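Asks: Predicted model, plus sequence, below.
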Amino acid sequence: MAPITLPTYQEALDRLLGCAVLIHGAENLADLSELDFRALVEESGFAELARYINFIEAAGVLRTEIQMGSEFARVMESLDPRRQAIARRRTYSWNPAKLAALGNDFGVSRERARQLEVRLRQTVETECADVVEEAGRWLKSAVGIAASPSKFRRVLDLLIGDAPEPWLPAAEVAVMRESGYEYLDGVVGNEAFREQVQEARKRAPGLTNVAGVVDEEALREAIGAQATPEWEALARNAGLVRFMGRLMIRDTRRARVFLALDVEGEPCRRDVIAEKAQLKDTSSLSSLLSSDPLFVRFTKDKWGLSHWTDEPYVGVVEALVKRIEQGDGTARIDELIAEIPKRFDVLPATVRNYLSTRKFAIEGNVVRIVHEPVAPRQPLSDARDVVWAPDGTPVLCFMVGEHHLRGNSQKVSGAVAQYLGVGLDQSVKIPFAQPSGVDDASVIWRSYDPNGPEVGRLREALIECRAEPGSDVYVVLSRDSLRMLTDGSDMREEKPRV
């Protein structure tokens with residue numbers, strides 16, 4: 001298929017005006033203003049191409065009416081060299097220098113540097129206020145609530161591109177501050193856009209299904225973003241993840257498997273599910289499909305979503321409990337080992353692992369259910385995943401893996417769970433004091449989990465801390481709040497004496 005050749009803005013304008021004359025008899029601008037422009041675009045044959053025909057370059061003729069860049073530079077260059085340096089390095093810089101550093105460079109105190117900056121701002125605001133406000137109005141009108149960085153840069157260049165190179169960055173800062181725009185992840189947005197990002201982050205968890213998949217239409221309506229441009233960038237900045245055309249609250253194996261099945265619309269084999277869910281590590285997929293009530297086994301080798309069948313789902317643990325209850329509270333282990341693996345396509349060792357947990361009690365070849373399981377107290381000093389802060393506070397230490405950044409949990413020692421107030425078949429949520437504003441961590445200890453307790457919902461905190469696979473992270477433990485650190489240089493293997 002041959003590539004589509006787009007007309008230039010001048011060619012497109014000529015065609016639109018030609019159609020206005022030939023189809024509607026327009027003779028002047030007054031006639032043109034009375035036409036339905038949307039219909040004119042259709043009649044000109046541009047309906048499918050309209051969004052790709054760029055008119056921004058045509059706005060260059062208006063630059064001489066604004067002259068914001070050169071006017072701003074004129075005021076800056078009228079200042080003495082010291083004030084020019086303050087303007088360039090601090091007042092109108094995205095990475096402002098410290099007042100103390102400027103004071104040292106100029107041989108004055110920090111307070112004197114502050115006073116100079118205050119006077120500088122007053123001078124610039126007096127001399128440039130009108131032109132900066134005008135440029136801000138033009139920018140908001142052309143860009144709207146948000147735009148791609150490339151479009152934003154083109155519009156901004158029309159307004160301040162006439163500034164001499166030494167003052168171009170400062171002019172950019174002045175106009176963007178006036179209009180309220182900031183660079184985000186893949187988008188430039190104003191305060192209203194940033195508020196929608198925060199609202200999306202806040203509202204999305206309450207608009208998800210059991211798998212953590214977001215009702216996108218309901219979310220856009222809830223935050224008033226039905227007509228907001230750059231929606232994909234908004235969702236991404238809100239921490240949401242796009243997969244198979246749907247938004248997820250976080251990128252977890254469970255959500256991926258759900259979407260793979262939901263999009264396919266019928267039961268699939270495990271290898272097909274893994275391929276559609278784009279799972280590189282499939283080692284625990286059978287366990288997920290067996291133990292999660294969201295999924296159900298339809299045939300010997302096919303799995304689907306539990307709501308596709310009228311029969312209630314029974315996982316491995318639930319099946320063991322049911323068989324024991326049917327036997328008046330006990331069951332023979334050899335019979336369970338013979339029956340359950342065939343039913344759930346798991347290894348006999350998997351069943352033995354479940355039976356060896358504190359959920360069950362074994363006496364010879366007979367097993368029974370422990371209805372109120374307890375775990376003995378485990379000292380933190382024996383926990384292999386604990387180091388100590390200089391003040392004696394226990395710190396969870398683990399190596400970050402790709403699975404953590406996809407949303408998977410971290411298995412921890414029983415001592416860590418107990419220190420955080422979690423016993424068998426209990427769970428708590430603990431907020432992060434550092435980094436702040438991320439998901440609360442969840443601590444869960446299932447009596448039937450042979451691998452022990454786990455800490456989940458770490459993904460946001462890890463991303464905020466810029467943790468990378470293969471690096472160690474340190475979580476300072478407290479029942480009230482957690483602090484995640486990436487520098488463990490002052491941590492100790494043995495509890496210090498304080």
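Replies: The structure has been received and is ready for your questions.

Asks: Sketch out the low-pLDDT regions of the stretch 351-498 of the chain for me.
Replies: 498 (pLDDT under 70).

Asks: nope, the chain is what I meant
Replies: Residue ranges of the chain with pLDDT under 70: 1-4, 9, 54-67, 300, 309-315, 498.

Asks: domains for it, by residue range?
Replies: Here the domain parsing of the chain from automatic domain parsing is 9-52, 63-187, 191-248, 253-308, 316-369, 380-485.

Asks: Who are the packing partners of the lengthiest helix in the chain?
Replies: Secondary structure of the chain per DSSP state H: the longest helix is helix 110-143. Where contact means 3 or more Cβ pairs under 8 Å, 6 or more residues apart in numbering; DSSP states H and E, helix 110-143 is packed against helix 63-66, helix 68-77, helix 81-86, helix 99-106, helix 149-160, helix 168-179. Where you see a C-beta, it was placed from the backbone N, CA and C, and this is true even at glycine.

Asks: Quick one: closest of the domains of the chain to Met491.
Replies: Met491 lies closest to domain 380-485 among those, at 4.3 Å (Cβ to Cβ).

Asks: returning to what we had before: strands paired with the next helix or strand after the longest helix of the chain, and their directions?
Replies: Using DSSP states H and E, the helix or strand that directly follows helix 110-143 along the chain is strand 146-147. Applying DSSP bridges, strand 146-147 is found paired with strand 188-189 (antiparallel).

Asks: Can you tell me what sits against the strand it pairs with?
Replies: 143, 145-149, 152, 181-182, 197, 230, 233-234 (Cβ atoms under 8 Å, 6 or more residues apart in numbering).

Asks: Please apply the same query to stretch 447-457.
Replies: Contacts of stretch 447-457 (Cβ under 8 Å, 6+ apart): 250, 317, 353-354, 356-360, 370, 373, 396, 408-414, 416-417, 422, 424-425, 429, 439-446, 475.

Asks: Could you list which of these belong to helices?
Replies: In helices, defined here by DSSP H, the members of the contacts of stretch 447-457 are 317, 353-354, 414, 416-417.

Asks: Reformat the residues you listed into a markdown table and put neighbour count and distance to Thr330 next to each item.
Replies: Below are those laid out as a markdown table (neighbours: other Cβ atoms under 10 Å; distance: Cβ to Cβ, whole Å):
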| residue | neighbour count | distance to Thr330 |
| --- | --- | --- |
| Val317 | 20 | 17 |
| Asn353 | 16 | 20 |
| Tyr354 | 22 | 16 |
| Gly414 | 19 | 27 |
| Val416 | 27 | 34 |
| Ala417 | 24 | 29 |
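
Asks: Kindly reformat those residues as JSON lines containing distance to Arg466.
Replies: Output for these, formatted as JSON lines (distance: Cβ to Cβ, whole Å):
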{"residue": "Val317", "distance to Arg466": "38"}
{"residue": "Asn353", "distance to Arg466": "36"}
{"residue": "Tyr354", "distance to Arg466": "38"}
{"residue": "Gly414", "distance to Arg466": "30"}
{"residue": "Val416", "distance to Arg466": "24"}
{"residue": "Ala417", "distance to Arg466": "27"}
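
Asks: For stretch 405-413, measure first residue to last.
Replies: End-to-end span of stretch 405-413 (Cα to Cα, to the nearest Å): 21 Å.

Asks: quick one: that stretch to chain centroid distance?
Replies: In terms of Cα atoms, centre = their mean, to the nearest Å, the centre of stretch 405-413 is found 17 Å from the chain centre.

Asks: Tell me which residues are up against that stretch.
Replies: Looking at what lies outside stretch 405-413 - Cβ under 8 Å, 6+ apart - the contacts are 250-253, 255, 378, 383-386, 396, 398, 401, 404, 443-444, 451-459, 462-463, 467, 469.

Asks: mind listing what's buried in that stretch?
Replies: 405-410, 412-413 (16 or more other Cβ atoms under 10 Å).

Asks: between these, which is nearest Arg479?
Replies: Here the nearest of the buried residues of stretch 405-413 to Arg479, counting by Cβ to Cβ, is Val412; it sits at 14.5 Å.

Asks: quick one on the thing from earlier: export the buried residues of stretch 405-413 to JSON lines and tack on distance to Arg323?
Replies: Formatted as JSON lines, the buried residues of stretch 405-413 follow (distance: Cβ to Cβ, whole Å):
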{"residue": "Leu405", "distance to Arg323": "39"}
{"residue": "Arg406", "distance to Arg323": "34"}
{"residue": "Gly407", "distance to Arg323": "33"}
{"residue": "Asn408", "distance to Arg323": "30"}
{"residue": "Ser409", "distance to Arg323": "28"}
{"residue": "Gln410", "distance to Arg323": "32"}
{"residue": "Val412", "distance to Arg323": "31"}
{"residue": "Ser413", "distance to Arg323": "31"}
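
Asks: From Glu402, how far out is Leu234?
Replies: 26 Å (Cβ to Cβ, to the nearest Å).

Asks: Neighbour count: these two, which is higher?
Replies: Neighbour tally, Leu234 and Glu402, criterion other Cβ atoms under 10 Å: the higher count belongs to Leu234, 28 against 12.

Asks: OK, contacts around that one?
Replies: 146, 187, 189, 193, 196-197, 200, 225, 228.
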